[in-house]
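Peer 1: From the sequence below, what's the structure:
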Amino acid sequence: MKILIFSGTSDGRRLSYDLSAAGHAVTVSVASETGKAFEEEMHPEIRTIYGRKTATEMAELMTDFDFVIDATHPYAVEVSREIRTAAGAAGKKVLRLKRPASVAPPGTIRVKSAEEAAKYLTGTEGNILLTTGAKELAAFSGLERERVYARILPVVPSVEAAGAAGIDSRHLIAMTGPFSRTFNEFLIRAWRISYLVTKDGGAEGGFYEKAAACENCEIPMVLIVRPEGEDGLLYEELLMRLGDCR
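Peer 2: Take a look at the predicted model:
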C-alpha cells in the first residue's frame, strides 16, 4: 500500500520505518527542517516531503495514497484539524497515532495551557525552566526576565521566538534531545530552578526523564495537560489496523 504519514515526531519516524520494512511505499511529510533532517538521517530510503502545507495542499497530496496517518505531536491540535479537513476533501480516511498518557510525579501542578501556567507562576518565587517548545514561550513574556530559563531546539525560529518573548540569551540552551535524567538534573541545579514547565510528550518526548529529575531535585513539575478529546490508535493498534487492511 502507498501510505502518507504527517510526522516530525520520534514515534512517527519509527512508524515510517516499520511500515516501510513491512513492504509499504511510505512517504513522510514534515513541516520543519529539523524533522526532515532526522527522518533522512535515520531512514534515507524513505521519501520525505518538507514544508508547511495548507489544508488544500494536503488534500492534493493525499490523492495519490491509499492511507493517511496523522503522527504529529499530541499538542498539534490545529495541524491535526487541518489534516482531517484535507482528508475529508480528498475522500481519504485518517488514522491518528496516539501516545499513551504519562503518569506524572507526585506534587505535579496541572494546567490547561501555557497561559494558565504563566498565571500560576506569577504568584511564585524562584527560577523557572521552560521545556514546552518555542511556540509557547510568548505566554511567559510577562514573568520577571531574570527568573525565566528555556531549553529550545537549535534552529533560528526557536531562537527568534525566545528573543521575542524577552528571554535573556544567557538563559537559553539550544539543543536537540532526547535528554537524560542526569542532564535535566544538571540544568535544574546549575540554574537553581524551582519550577519545571513541560507538556505530556510521553516517553517519546522525554517526559519520564524530566519527571525523575524533578523528583530527585525536589521541585514541582508544572504540566500543561493534553488537549481534551484526544483520540486515535496506540502504536501497536495502528499497525494491526493497517495489517487488517491489506
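Peer 1: Next, Glu40: phi, psi?
Peer 2: Per-residue torsions, Glu40: phi -70, psi -30 (degrees, to the nearest 10).
Peer 1: Report the spatially nearest residue to it, omitting neighbours in sequence.
Peer 2: Leaving aside its chain neighbours, Glu40 sits nearest to Thr48 (5.6 Å; criterion: CB to CB, 6 or more residues apart in numbering). (Each C-beta comes from the backbone N, C-alpha and C, glycine too.)
Peer 1: now that neighbour: how far from Val28?
Peer 2: 5 Å (CB to CB, to the nearest Å).
Peer 1: Looking at these two, which one has more neighbours?
Peer 2: Val28 (29 against 20; other CB atoms under 10 Å).
Peer 1: Run through the bridge partners of that one.
Peer 2: When assigned by DSSP bridges, Val28 has beta-bridge partners Ile5, Thr48.
Peer 1: what residues are up against Val28?
Peer 2: By CB atoms under 8 Å, 6 or more residues apart in numbering, the contact list for Val28 reads 4-7, 12-13, 16, 39, 46-49.
Peer 1: which residue is nearest the centroid of the chain?
Peer 2: By CA atoms, centre = their mean, the chain has its centre lying nearest to His73, at 4.3 Å.
Peer 1: doesn't it fall inside a strand?
Peer 2: No - the assignment for His73 (DSSP: H, G, I helix; E, B strand; the rest coil) gives coil, which keeps it out of a strand.
Peer 1: Could you check how far it is from Ser194?
Peer 2: Look at His73 and Ser194: by CB to CB, they are 27 Å apart.
Peer 1: Gly177: what secondary structure?
Peer 2: Secondary structure assignment for Gly177 (three-state DSSP): coil.
Peer 1: related to what we said a few turns ago, identify, from the contacts of Val28, the entry nearest to Asp66.
Peer 2: Leu4 (8.8 Å; CB to CB).
Peer 1: hang on, the earlier thing: for the residue nearest to the centre of the chain, phi and psi?
Peer 2: phi -60, psi 150.
Peer 1: which residues touch it?
Peer 2: Contacts of His73 by CB under 8 Å, 6+ apart are 8-9, 201.
Peer 1: tell me the pLDDT at it?
Peer 2: Reported pLDDT at His73 in the predicted model: 88.
Peer 1: Do a quick rundown of the helices in this protein.
Peer 2: For the chain, helices defined by DSSP state H occupy the ranges 10-21, 33-42, 55-62, 77-90, 114-122, 156-164, 181-190, 207-217, 235-244.
Peer 1: Go through those and find the least confident stretch.
Peer 2: Looking at the helices of the chain, the bottom one is helix 33-42 with a mean of 69.
Peer 1: what's near enough to touch the residue nearest to Met42 when sequence neighbours are not counted?
Peer 2: Excluding the flanking residues, the one nearest Met42 by CB to CB, 6+ apart is Arg13, at 5.7 Å. By CB under 8 Å, 6+ apart, the contact list for Arg13 reads 7, 28, 38-39, 42-43.
Peer 1: Ok, Ile46 next?
Peer 2: Contacts of Ile46 by CB under 8 Å, 6+ apart are 16-17, 20, 26-28, 39.
Peer 1: so can I have CSV of these showing distance to Tyr149?
Peer 2: Below are the contacts of Ile46 laid out as CSV (distance: CB to CB, whole Å):
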residue, distance to Tyr149
Ser16, 34
Tyr17, 35
Ser20, 39
Val26, 39
Thr27, 39
Val28, 33
Glu39, 30
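Peer 1: Can you say which two of these are spatially most distant?
Peer 2: Across the contacts of Ile46 (CB to CB), the longest gap, 13.2 Å, separates Tyr17 and Thr27.
Peer 1: chain center to stretch 178-190: distance?
Peer 2: The chain centroid and the centroid of stretch 178-190 are separated by 19 Å under CA atoms, centre = their mean, to the nearest Å.
Peer 1: Give me the contact list for that stretch.
Peer 2: With contacts defined as CB under 8 Å, 6+ apart, stretch 178-190 is touched by 10, 129, 149, 151, 173, 193, 196, 205-206, 209-210, 212-214, 216-217, 219.
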